[in-house]
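Asker: Sharing a model prediction with you, sequence too.
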Amino acid sequence: MSLFNSLKNDNLETWHSYTKHEFVQGLGDGTLPIAAFKKYLVQDYLFLIEFARAYALGMYKSTDLVQMRKCLSSAKGILEVEMSLHIRLCESWGLSENEIVATPEEPANLAYTRYVLDTAMKGDMLDLKVALAPCAIGYGEIGAELAKQDGALDTSNPYAEWIKEYSSDEYQELAADAVKEIDDLGALYATDARYAKLSRIFREATRLEANFWQMGLEL
């Protein structure tokens with residue numbers, strides 16, 4: 001079994017609390033309150049700024065040019081593609097980028113992003129990629145599952161564009177690449193003795209992802 005699949009299966013209850021969260025179900029059937037999605041979207045924009053920093057830190061932690069280029073590509077994907085979706089949706093509700101950036105970070109946002117950055121500072125590339133996995137890979141799984149639901153991609157669902165973004169072939173490829181990268185790094189650096197630590201990192205990052213959804217519901 002791949003390292004990522006082992007981490008996921010050994011923390012499946014926590015993983016499902018994130019990927020099947022009430023917030024996620026509301027995205028799929030369109031019942032999520034718009035105010036909850038707006039709050040999430042603004043905080044997620046701020047979140048992505050810090051995740052771009054994490055990938056930049058990954059460039060420093062890289063041991064070869066291949067890893068450096070992968071981190072650069074991920075950072076560019078966040079800054080030039082993923083954040084554009086957030087701005088496009090926010091502007092449709094009359095929110096400018098300046099207003100979004102001026103918004104204070106919620107405690108759940110601070111807890112998650114700083115945990116990832118702290119993990120990266122203390123550890124190596126494998127620690128960083130495991131901490132990033134629930135976001136990078138989990139959104140792909142969530143998008144793919146929501147896209148299968150009846151009506152999820154209909155124009156009547158206000159969250160169809162979000163679902164299309166994360167269920168797209170392009171994002172699914174990114175998620176698959178993230179799985180492969182963790183497995184490849186695991187083959188180089190993971191040991192039985194180290195697995196417990198990697199599992200703790202994965203579980204904590206996944207728990208913080210679930211808390212991020214919950215933050216959106218707390219209006």
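Answerer: That came in fine, so what should we check first? Residues are numbered from 1 along each chain as shown.
Asker: Which strands or helices does the helix or strand hosting L146 pack on?
Answerer: Here L146 sits within helix 138-147, counting by DSSP states H and E. Under the contact definition 3 or more CB pairs under 8 Å, 6 or more residues apart in numbering; DSSP states H and E, helix 138-147 sits against helix 12-19, helix 22-29, helix 160-167, helix 169-189. Yep, even glycine has a C-beta here, placed from its N, CA and C like the rest.
Asker: let's go with 6 Å and repeat that
Answerer: For helix 138-147, the helices and strands in contact under the criterion 3 or more CB pairs under 6 Å, 6 or more residues apart in numbering; DSSP states H and E are helix 12-19, helix 160-167, helix 169-189.
Asker: Indicate which one of the ones you listed is closest to A35.
Answerer: helix 160-167 (15.4 Å; CB to CB).
Asker: What mean pLDDT does the closest one get?
Answerer: Averaging pLDDT along helix 160-167 yields 95.
Asker: got a list of contacts for it?
Answerer: Contact partners of helix 160-167, identified using CB atoms under 6 Å, 6 or more residues apart in numbering, comprise 85, 139, 143-144, 146-147, 152-153.
Asker: what's the closest of these to G58?
Answerer: Looking across the contacts of helix 160-167 and measuring by CB to CB, the closest to G58 is Y139, at 18.0 Å.
Asker: tell me, how many neighbours does the residue nearest to that closest one when sequence neighbours are not counted end up with?
Answerer: Distances taken as CB to CB, 6 or more residues apart in numbering place Y166 nearest to Y139, at 4.9 Å, with adjacent residues excluded. Using other CB atoms under 10 Å, Y166 is surrounded by 23 other residues.
Asker: ok, now how distant is Y166 from E145?
Answerer: To E145, Y166 is 10 Å away according to CB to CB, to the nearest Å.
Asker: can you give me the angle the helix or strand bottoming out on mean pLDDT in the chain makes with helix 160-167?
Answerer: Scoring the helices and strands of the chain by mean pLDDT, DSSP states H and E places helix 83-92 at the bottom, with a mean of 88. Helix 83-92 runs at 180 degrees relative to helix 160-167, counting by axes from the mean of the first three to the mean of the last three CA atoms, to 10 degrees.
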